[in-house]
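# this one's sequence-less:
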């Protein structure tokens, strides 16, 4: 609850909290946390590999990080080698395009093959880039 000592107090809104008794104001939940109930004394952490904006008030405000796939409000999985995801949010990773590769997991982009080489879609090693005819 927030307010001044000796006066009526009001409960913290969802997306905020107050951890101590006494006068004062509620604080917004920090980035990477949320609180979906009112009158909270703490915020809850987002699931693995997700993040939220300050003041988030729903579990579904926790969205997948770049390089991770899944649904809003759930733990997200890293993109496999040969794929990437360049934006935050729900959705799936995309295969690397022809002429590119990615040899690490959780990537935000694919790497271009060297000059005069090419690769198949979804390539996951530099050695997948082979000399052109």
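Perfect, thanks for sending it. This is a predicted model, so every value here is computed, not measured.
# ranges for the strands of the chain?
Listed in chain order, the strands of the chain (DSSP state E) span 16-17, 27-28, 33-34, 44-45, 50-51, 63-64, 68-69, 77-78, 83-84, 94-95, 100-101, 111-112, 117-118, 130-131.
# so what touches the second one?
In this case it means strand 27-28. By C-beta atoms under 8 Å, 6 or more residues apart in numbering, the residues outside strand 27-28 that reach it are 15, 16, 17, 18, 54, 55. The C-beta positions use only the backbone N, C-alpha and C, and glycine is treated the same way.
# figure out how far it is from the centre of its chain.
Distance, stretch centre to chain centre, for strand 27-28: 20 Å (C-alpha atoms, centre = their mean, to the nearest Å).
# cool, the fifth one as well?
Its chain's C-alpha centre lies 3 Å from the corresponding centre of strand 50-51 when counted by C-alpha atoms, centre = their mean.
# in terms of secondary structure, what does it contact?
strand 63-64 (3 or more C-beta pairs under 8 Å, 6 or more residues apart in numbering; DSSP states H and E).
# try the first one
Here strand 16-17 touches strand 27-28, going by 3+ C-beta pairs under 8 Å, 6+ apart.
# quick one: mean pLDDT for the strand it packs on?
Strand 27-28 carries an average pLDDT of 96.
# can I get the contacts of strand 27-28 in TSV including neighbour count, distance to residue 43 and pLDDT?
Formatted as TSV, those follow (neighbours: other C-beta atoms under 10 Å; distance: C-beta to C-beta, whole Å; pLDDT from 0 to 100):
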residue	neighbour count	distance to residue 43	pLDDT
15	24	8	97
16	21	8	97
17	22	5	96
18	20	11	94
54	13	10	98
55	19	10	98
